[in-house]
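In: Just a sequence and a predicted model for now, questions to come.
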Amino acid sequence: MGKIFDQAENGLSTKKILRFFVPLGLSASLVTFSHMIINGTLTRGENAEVVIASYVIAMSLFGITERLGVLLRNACSALVRDRVSFKVMSAVAAYVVAALMIVAGTIAYTPAGKWIFSTFFGADSNMIVQIVDVYQILIIVTFFSAIRCLFQGVIILNRQTKWLTIGMIIRLIVMYGLSLLFIRSGNINAQTGAIIFLSGMIVECLISFIEGRALVKKMVDNDEQHTITKKSQIFNFYNPLILSSLIIVMVGPIINSFLGKTSEIELAIASYAIALSIAQLFLSFFSYIHQIVLTFYKDHPQKVQRFTLMIGFIPTCILAVFCFTPIGGYVIEHALGANERLVAASLDSLKVFMLMTLVFPFIDYCNGLLMVRKQTKIMVISQSTNLLFTFLILLLTSSLFPYWNGKIGALAQSIGMLAELCVLFVIINKIEKKANNSHQLKHRENKYVNG
């Protein structure tokens with residue numbers, strides 16, 4: 001193992017990649033703790049069930065709009081190389097943020113919001129007011145989150161990923177301190193969670209902005225080899241990311257609707273939710289493989305491939321230990337407070353999710369390749385395939401095996417991601433073969449001319 005970590009390929013060692021990747025993974029994993037702080041605070045309020053439900057419903061809609069802002073991180077790290085391209089990227093970011101704020105504001109301050117929360121999320125009239133109050137604060141979170149991601153793209157581009165971890169740690173400290181103040185005051189409602197979340201996001205945004213701006217000032221004014229100079233070029237890259245994100249975000253609601261057709265609805269939904277949260281916790285550390293591809297693939301393709309293979313199976317190994325040893329049952333029972341029946345059902349769903357953990361790192365790798373090659377339109381095809389197969393498996397299993405309960409959702413989501421990976425492999429292989437044939441033909445023509 002020591003030889004692997006010291007091995008270098010044209011100056012790039014696995015150790016250097018780890019120095020870049022580990023802070024990214026840590027920052028992604030620490031996000032889970034921020035939600036734990038908020039949930040731990042809300043459970044201490046009066047009518048905790050209503051308070052938590054109101055916050056969760058508002059967050060579920062916020063997650064859609066924030067996801068579109070988070071994509072600025074990928075676009076920035078893929079397309080910005082000088083001050084000219086950053087200026088253009090900033091202009092696009094301004095359009096995106098303005099559009100998100102207008103949409104979110106319409107939901108929060110017009111009757112449209114009440115209709116959405118009551119119709120699509122099934123919230124009763126007693127909760128609507130609290131949900132809207134929470135969402136009005138989350139609009140501000142959307143703004144700071146998008147700005148944070150823009151400058152984090154610059155930080156990642158310059159391989160200063162330690163600042164993402166530092167920013168997240170300071171964010172958690174601020175959130176925890178504010179949480180203690182609310183707990184001591186005893187004044188806790190649904191808005192409390194949003195206020196804690198906003199405070200942490202502002203701090204993280206400020207740290208990313210300060211470091212990102214410093215790095216932008218060190219960039220060259222105009223890199224003649226870099227061709228990104230127009231907003232249209234960035235929108236050609238960014239728009240397919242938006243569309244593919246809107247497609248994939250539909251997976252969760254579709255699964256939940258089919259789980260309502262199982263033999264034991266409450267058990268199915270609860271076991272699936274617990275299993276998914278645990279699987280995502282293990283995968284969160286490995287959710288930045290695409291950034292490794294964006295940063296290193298162009299100069300070191302073979303090294304990036306080997307590194308991805310080296311770490312790609314780790315989430316599945318971790319989940320296997322969790323599922324097939326007493327650790328899993330103990331954590332679900334004592335840390336999450338599940339009863340014996342729910343523990344067993346959650347573990348059954350987790351065993352199915354092992355397929356998802358096996359597939360996910362390589363989907364992220366392939367998506368990184370598409371971003372490097374500026375072919376993000378392909379993601380629309382691959383994620384549409386994911387959604388289609390998820391729906392078909394749900395339709396089949398809920399009809400034939402309704403007693404599988406939460407396993408239905410886990411199987412559908414895993415098969416959907418497997419189908420997505422297969423589509424990505426096929427298309428990327430075709431692109432590479434076409435590129436290789438074109439390169440060989442050009443080489444032969446040059447050889448003929450020179451000969």
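Out: That came in fine, so what should we check first? Quantities reported herein were computed from a predicted structural model and do not represent experimental measurements. Numbers count the residues shown, from 1 in each chain.

In: Return the per-residue confidence for S244.
Out: With respect to pLDDT, S244 has a value of 91.

In: what residues are up against it?
Out: S244 is in contact with 376, 379-380, 382-383, counting by Cβ atoms under 8 Å, 6 or more residues apart in numbering. Every C-beta, even on glycine, is put in place using the N, C-alpha and C of the backbone.

In: Let me know the secondary structure of it.
Out: helix (DSSP: H, G, I helix; E, B strand; the rest coil).

In: Chain neighbours aside, what residue packs nearest to it?
Out: In space, S244 comes closest to M379 once its chain neighbours are excluded; the distance is 4.1 Å by Cβ to Cβ, 6 or more residues apart in numbering.

In: Filter the contacts of S244 down to the ones in helices?
Out: Of the contacts of S244, the ones assigned to helices by DSSP state H are 379-380, 382-383.

In: now, among the residues you listed, which is nearest to C317?
Out: Set against C317, the nearest of those by Cβ to Cβ is S382 (25.6 Å).

In: now the strands: where do they sit in the stretch 1-150 of the chain?
Out: Ranges of strands in the stretch 1-150 of the chain, per DSSP state E, counting those that start in this stretch, are 8-9, 12-13.

In: Mean confidence (pLDDT) on the helix or strand hosting V359, please.
Out: Element membership for V359, per DSSP states H and E: helix 340-372. On average, the pLDDT along helix 340-372 is 95.

In: got it, and stretch 100-115?
Out: The pLDDT scores in stretch 100-115 average 92.

In: Report the buried residues of that stretch.
Out: The neighbour-count check on stretch 100-115 (16 or more other Cβ atoms under 10 Å) flags 100-101, 103-104, 107-108, 113-114 as buried.

In: Can you add distance to V220 and give those residues back as a markdown table?
Out: Formatted as a markdown table, these follow (distance: Cβ to Cβ, whole Å):
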| residue | distance to V220 |
| --- | --- |
| L100 | 31 |
| M101 | 33 |
| V103 | 36 |
| A104 | 36 |
| I107 | 42 |
| A108 | 42 |
| G113 | 46 |
| K114 | 51 |
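
In: Take those and keep only those in helices.
Out: 100-101, 103-104, 107-108, 113-114.

In: and which of those residues is nearest to K218?
Out: For these, the nearest to K218 is L100 (29.5 Å; Cβ to Cβ).

In: isn't the closest one right up against L71?
Out: No. Judged on Cβ atoms under 8 Å, L100 makes no contact with L71 at a distance of 10.9 Å.

In: which strands and helices sit next to the helix holding V359?
Out: Contacts defined by 3 or more Cβ pairs under 8 Å, 6 or more residues apart in numbering; DSSP states H and E place helix 340-372 against helix 48-79, helix 265-284, helix 289-296, helix 301-312, helix 314-324, helix 326-330, helix 377-400, helix 406-450.

In: What average pLDDT does the shortest one get?
Out: Right, the one you point to is helix 326-330. Averaged over helix 326-330, pLDDT sits at 93.

In: Now it: buried residues?
Out: 328-329.

In: what helices or strands is it leaning on?
Out: Packing partners of helix 326-330 (3+ Cβ pairs under 8 Å, 6+ apart): helix 340-372.

In: Need the winner for burial among the helices and strands packed on helix 340-372.
Out: Of all the helices and strands packed on helix 340-372, helix 289-296 carries the top mean neighbour count, a mean of 24, counting by mean count of other Cβ atoms under 10 Å.

In: Quick one: distance of it to the chain centre.
Out: Chain-centre distance of helix 289-296: 15 Å, with Cα atoms, centre = their mean, to the nearest Å.

In: Kindly report the same for stretch 20-27.
Out: Using Cα atoms, centre = their mean, the offset of stretch 20-27 from its chain centre is 14 Å.

In: That one: which residues count as buried?
Out: Quick answer for stretch 20-27 (16+ other Cβ under 10 Å): 20-21, 23-27.

In: how far does stretch 258-269 stretch from start to finish?
Out: For stretch 258-269, the separation between the terminal residues is 10 Å (Cα to Cα, to the nearest Å).

In: What pLDDT is listed against F5?
Out: pLDDT recorded at F5 is 37.

In: Tell me which helix or strand the residue positioned nearest the centre of the chain sits in.
Out: Centroid-nearest residue in the chain: S287, 6.8 Å away (criterion: Cα atoms, centre = their mean). Using DSSP H and E, S287 maps to neither a helix nor a strand.

In: any idea how far stretch 123-132 is from the chain center?
Out: That offset, for stretch 123-132, works out to 28 Å (Cα atoms, centre = their mean).
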